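Novice: Turn this into a structure:
(one chain, ligands or ions: 2)
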Amino acid sequence: MTNPVYFLALESSCDETAAAVFTDDRRILSNVVASQTELHARFGGVVPEIASRAHLRNLLPVIDESLRQANIRLEQIGCVVVHNMPGLVGSLMMGVSAAKILSLALNVPLIAVNHILGHIYACQIPDSRPMYPCIGFVVSGGHTALFHCQDPLTVQFLGGTRDDAAGEAFDKVAAILGLGFPGGPNLEKEAQKGDPNAYQFPRTFLKEDRLEFSFSGIKTAVLYTAQGQDAKISEKIGSGPTRANIAASFQRAVVEVLVSKAIQAVKKFRVNRLAVGGGVIANQAFRQLLIQECNKYGIELFIPPRDLCTDNAAMAALAIEKYKQGDFANLSLDAEANFI
Ligand code: KG4
Ligand code: ZN
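Specialist: Numbering: from 1, shown residues only. Ligands and ions are numbered 1, 2, ... in the order given. Sure, this is the predicted structure:
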């Protein structure tokens, strides 16, 4: 039996500083995430400068903790991995710089992973069923995007959002409803108390034969419903049944569009497998409707366990596929804001 290769992976694309240790046979030995939510909460969103500085402070303790939990010494690491795109460039630079230094000091290869493809690959990490070819669907705070994935690294972009990402819409609607930051999980909790059929919010492009999304219209519709046509912020909606009904109806409309477009893509490309990643797939209503519709159409569904949905470094296990191909980065590696 040969010794496993130990990978140390770093994630710093937005407001989570994360490190993970995994082996070349996809065993996750540790997956440590330091969230910056509290730092950004009082601004109602992520402040890039604050995020970069927090990554700088958090990276070394998070790396130490990931090695400790994996019970691995730094010298045993055989490959360093980092998400270098997409995201906030200042934040990404922190992880990229740390990864370069580690690979240089340890004299081991460096691998760059696209965070978006990592979100799709996260579905495969604990699941041994063959997942490719499939439709990959990333629904996060920064992206709502469909891909045709021939294999983990051969991927074609099919379409995405024309404006806000779905997670961003959850966050903004949560802010309108006074539910605080981060919005997605808070809005889900509020929605559980409400009636999803109380309001008929717009389902943009739902009936159209196009693999695109738009969530700015529903955001405005919620604003007017909650605060009247003149959207006076001072007339904040209270915490009564109306708020829960708006939250539930908003969630229902967004989830219906997401599921319907994903099924449309699967049918169009006749792949019969769907892998959905990104923070929004932590949402229970979204998961339930996906499971129901995939069962109905006989589509094999792959979704990650909750701890692999939101940003983390274990999802960079996609690097194992690059390692097998000898697809290494060098010290000129840069951070990129966009994914294509
Ligand atoms: O993938 P992720 O952690 O970061 C990005 O790459 O963007 O996704 C974060 C997004 C946020 O917009 C957050 O509000 C949303 O995922 N989110 C949720 C839930 N948990 C996280 N949205 C709806 N329901 C949830 N339970
Ligand atoms: Zn993400």
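
Novice: quick check: mean pLDDT across the helix or strand encompassing Leu56?
Specialist: For Leu56, the element it lies in under DSSP states H and E is helix 48-70. Averaged across helix 48-70, pLDDT comes to 96.

Novice: For ligand 2, what is the nearest residue in the stretch 51-200 of the chain?
Specialist: Nearest residue of the stretch 51-200 of the chain to ligand 2: Ser140, at 4.4 Å (C-beta to the ion). Glycine gets a C-beta too; all of them are placed from N, C-alpha and C.

Novice: count of neighbours near that residue?
Specialist: Ser140: 25 surrounding residues under other C-beta atoms under 10 Å.

Novice: That one contacts Ala282, doesn't it?
Specialist: No - with contact defined as C-beta atoms under 8 Å, Ser140 does not count as touching Ala282 (10.2 Å).

Novice: ok, now how distant is the closest residue to ligand 2 within the stretch 201-340 of the chain from Gly87?
Specialist: Proximity of the stretch 201-340 of the chain to ligand 2 (C-beta to the ion) peaks at Asp311, 4.4 Å away. Distance of Asp311 to Gly87, computed by C-beta to C-beta, to the nearest Å: 9 Å.

Novice: what's the overlap in contacts for those two?
Specialist: Ser13, Cys14, His115 (C-beta atoms under 8 Å, 6 or more residues apart in numbering).

Novice: If you rank every helix and strand of the protein by mean pLDDT, what lands last?
Specialist: helix 37-41 (a mean of 85; mean pLDDT, DSSP states H and E).

Novice: Do it and ligand 1 come into contact?
Specialist: No - against ligand 1, helix 37-41 shows no contacts by C-beta under 6 Å from any ligand atom, the least distance being 10.2 Å.

Novice: Any residues of the stretch 101-250 of the chain in contact with ligand 2? List them.
Specialist: By C-beta under 5 Å from the ion, the residues of the stretch 101-250 of the chain that approach ligand 2 are Ser140.

Novice: if we can go back for a sec, which strands or helices does the least confident helix or strand of the chain pack on?
Specialist: Contacts defined by 3 or more C-beta pairs under 8 Å, 6 or more residues apart in numbering; DSSP states H and E place helix 37-41 against helix 48-70.

Novice: Flag every buried residue along the helix it packs on.
Specialist: Neighbour counts over helix 48-70 (16 or more other C-beta atoms under 10 Å) mark 51-56, 58-59, 62-63, 66-67, 70 as buried.

Novice: and which of those is nearest to ligand 1?
Specialist: Ala51 (12.1 Å; C-beta to the nearest ligand atom).

Novice: Alright, I will stop here.
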